[in-house]
Every structure is written in structure tokens, then in C-alpha cells.
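# Sequence plus predicted model, see below.
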Amino acid sequence: MKLGELASRLGAELRGNAELDVTGVKGIEEAGPTEVTFVANPRYAGLARKTQAAAILVDPEFPEIETTTLRLNNPYLAFSRALGMFYQPPAYAPGVHPTAVIDPSAEIGEGAHVGAYVVIGPGVKLGAYATLLPHVVLYPGVQTGSHFFAHAHAVVREGCILGDHVTLENGAIVGADGFGFAKDEHGRWEKIPQSGPVRLGNRVDIQANACIDRATVGVTEIGDGTKVDNLVQVGHGSRVGQNTMLCAQVGLAGSSVVGNDAILAGQAGVAGHCALGDGVILTAQSGVSHDVPAGKMISGSPAFDNRLWLRAVAIFQRLPEVLKRLDRLEKRVNLQESTAHASKDTEGQA
């Protein structure tokens, strides 16, 4: 592809040679003379002058450099779209593999690809243009929208409802039983039935080995456009809003509520029945056991305001030094008090 064509398709302002041939997209340190890269983080701006790339995607205010630039407001998004122009994932033709097991009552939408050893239970309604790769299992009563894509070994449990353009990565589990137990009169744990399904909105992505538990009663819900990373646990009866990011190993206890456009960074945890407002950010490994108002950035465990947490961490690192200073000060004060007492005793004897 000519660089000029790429710029046109991305809606970028080209500064440089439009006739350069480009064959792919790579990171700024790996890109060669026929590849495009990007700079979205100012920390990497210095690498732009050293890169061997044919061109760099940058924002409009980026300084002029020798390398050809494609200037637009969101270089990172443009990089993603350019990547899609050069990399095409495997395509799966419509059809049903002979080893698939499909209940006669299931409805399979047009254009669906059903792979080897897939199991589709009674009453399932599979939307148009779905792709189910080997060993995917849809329990009875599952409903999916159009363009559902389930990678190998993904499972959707009974009665769950999925919107359009939902993607389940390998080993994702939607609708497994929530962790609900009550002690009986003999002190033994008795399982509480988990009767409520999971409902996923449109354009939801559930990454590998993440688990979205079904509800005890009611529903567990994930809003439109939300992305759930690897090994995330969403507890029973939780509600997550739209366009929220749950990053790797995040854990939501049962009945958690997370608003729209929130970001929970890696290994953050939310205690049961807590509510996080729209736009909340939990930094990595934060632990929240209280409600958090909209727009707050929270850090630490137990978590509190990020700015205060940063100051506390800075002080924490200085504690050994502060302790030494305090010890020296304490010894000085004790010495002064001893001297003062000795002086009074001498005056008394006189």
C-alpha cells in the first residue's frame, strides 16, 4: 500500500513522501523502512528521531522530524486501524462440522460457523453470522445476538443472554454458578441455587479464562462496550456499566455495582454490595470496601484518594529515616530533661 493511500484511509495529514510503499505496522523500536509506527506517549517522542520506520503516526502538534509523519488526533486509535488493514485474522466459512452436537430445538442463524465438537443445547437461539470454534458449549436457553464469536473452550451457561458483536476468548465462562452458600443447623455449608442468568450488552469482550457468575436471583449484567480482561472474576448479581474496563485479575464480589466509563486496573478488588460511580479509576492492586463517588481516582488497600495515597507512599518510603530522626530528637529531649532535673537538684541542695 502507498503511504498516501494509508493516510487517506485514516484521515491523516501526510507530511512526507506519499509514494512510499508500506507493508505492515510495528512498534517504534522494531519498525523497518517499509513499516508504519506511532507515538502516542510523549515519553517515546525521542525514539521518533531514531526509528527506521517509513512513517510515524503522531498528533497534529508533534515537532517536525525527518521521518514522514501522518498527523491526526488519536495516533493510538489510528495505529489500531492501520494494523487491521494489514493483519487479517483467520476467516471461518459458514457451516456445521459433522462432530458438532446441536439439539433439534436450537435455532441457528444464517451464516453461522459451528466448529468441531461444539455442543448447542435445547432452546438455544444463535444469532446470524456467529462463529463457534471447537469445544464451545452453549447450555439450554442461551440467546446470542448477531456476530457472536466464541473461541475454543468458551462456555455460556443456561439462560444467559448475549448482545450483538460479543466476543468470548478461550476458556471464558459466562453464567457459572455464583459463590453462594449458607450454613445449615449442623454448621455445614449448603449451596444456594443460582437462578439468575448473565446478560451481556453489545460489543462486550470477555478475555481468556474470565468468569462472569450468574446471579442468585435477578441478573448479573455487563453493559454495552465493556471489556473484561483475562482472569477477571465478576461475582453473582454484579452490575457493570457501559464502556468500562476491568483489567487483568480484577475481582468484583457479589452485588458490586460499577458505573459507566470506569477503569479498574490489574488486581483491583471491590467488596460485595459496594457501588463505584461513573468514571471511577481504581489503580492497580487497590482494594475498595466502600462506595466511591463518580470521577474519583482511588489507590491502595484499603483504598483512598489517589493524590493523598501518593503523598502517603512518599512518606512511607521515608519512614526509616524519619524514625532515626525521631529517635535522635527523643534522646536529645531526654538529655535536656535529665540535665534540667540535675540542675534543679543541685540548686535545691545549695
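Yes, it's here.
# What is the distance between stretch 140-147 and the centre of its chain?
The offset between the C-alpha centroid of stretch 140-147 and the centroid of the whole chain comes to 24 Å, using C-alpha atoms, centre = their mean, to the nearest Å.
# what residues does that stretch touch?
Counting by C-beta atoms under 8 Å, 6 or more residues apart in numbering, stretch 140-147 makes contact with 103, 109, 121-130, 138, 156-166, 202, all of which sit outside it. Glycine gets a C-beta too; all of them are placed from N, C-alpha and C.
# What helices and strands are in contact with the lowest-mean-pLDDT helix or strand in the chain?
The weakest-scoring helix or strand in the chain, judged by mean pLDDT, DSSP states H and E, is helix 319-349 (a mean of 79). Packing contacts for helix 319-349, counted by 3 or more C-beta pairs under 8 Å, 6 or more residues apart in numbering; DSSP states H and E, involve no helix or strand.
# From residue 217, how far off is the residue nearest the centre of the chain?
For the chain, the residue nearest the mean C-alpha position is residue 247 (2.8 Å; C-alpha atoms, centre = their mean). Computed with C-beta to C-beta, to the nearest Å, the distance linking residue 247 and residue 217 is 29 Å.
# now residue 95
Separation of residue 95 from residue 217 (C-beta to C-beta) stands at 40 Å.
# do residue 283 as well
If you measure residue 283 against residue 217 using C-beta to C-beta, the figure is 33 Å.
# Between those two, point out the one with more neighbours.
A direct count of neighbours by other C-beta atoms under 10 Å for residue 283 and residue 217 places residue 283 higher, at 18 against 11.
# so who does that one touch?
For residue 283, the contacting residues are 265, 268, 297, 298, 299, 306, taking C-beta under 8 Å, 6+ apart as the criterion.
# do that again at 6 Å, thanks
Contacts for residue 283 were tallied using C-beta atoms under 6 Å, 6 or more residues apart in numbering; they are 265, 299.
# repeat for the one 10 residues further on
If a contact means C-beta under 6 Å, 6+ apart, then residue 293 has residue 277 as its contacts.
# Residue 1 too?
Remark: with contacts taken as C-beta under 6 Å, 6+ apart, residue 1 is in contact with residue 22.
# Read off the pLDDT value for it.
You'll see residue 1 listed with a pLDDT of 89.
# got the domain boundaries for this structure?
Each structural domain of the chain that the record assigns through automatic domain parsing is listed here as a residue range: 3-86, 154-307, 318-350.
# quick one: low-confidence parts of the chain?
Per-residue confidence of the chain (counting by pLDDT under 70) places the weak regions at 342, 344-350.
# all helices for it, in order.
In the chain, the segments counted as helices under DSSP state H are 3-10, 75-86, 306-317, 319-349.
# Redo those as CSV? Include distance to residue 56 and mean neighbour count.
Shown next, in CSV, are these (distance: least, C-beta to C-beta, whole Å; neighbours: other C-beta atoms under 10 Å):
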stretch, distance to residue 56, mean neighbour count
helix 3-10, 11, 18
helix 75-86, 8, 17
helix 306-317, 32, 12
helix 319-349, 45, 10
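# Alright, calling it a day.
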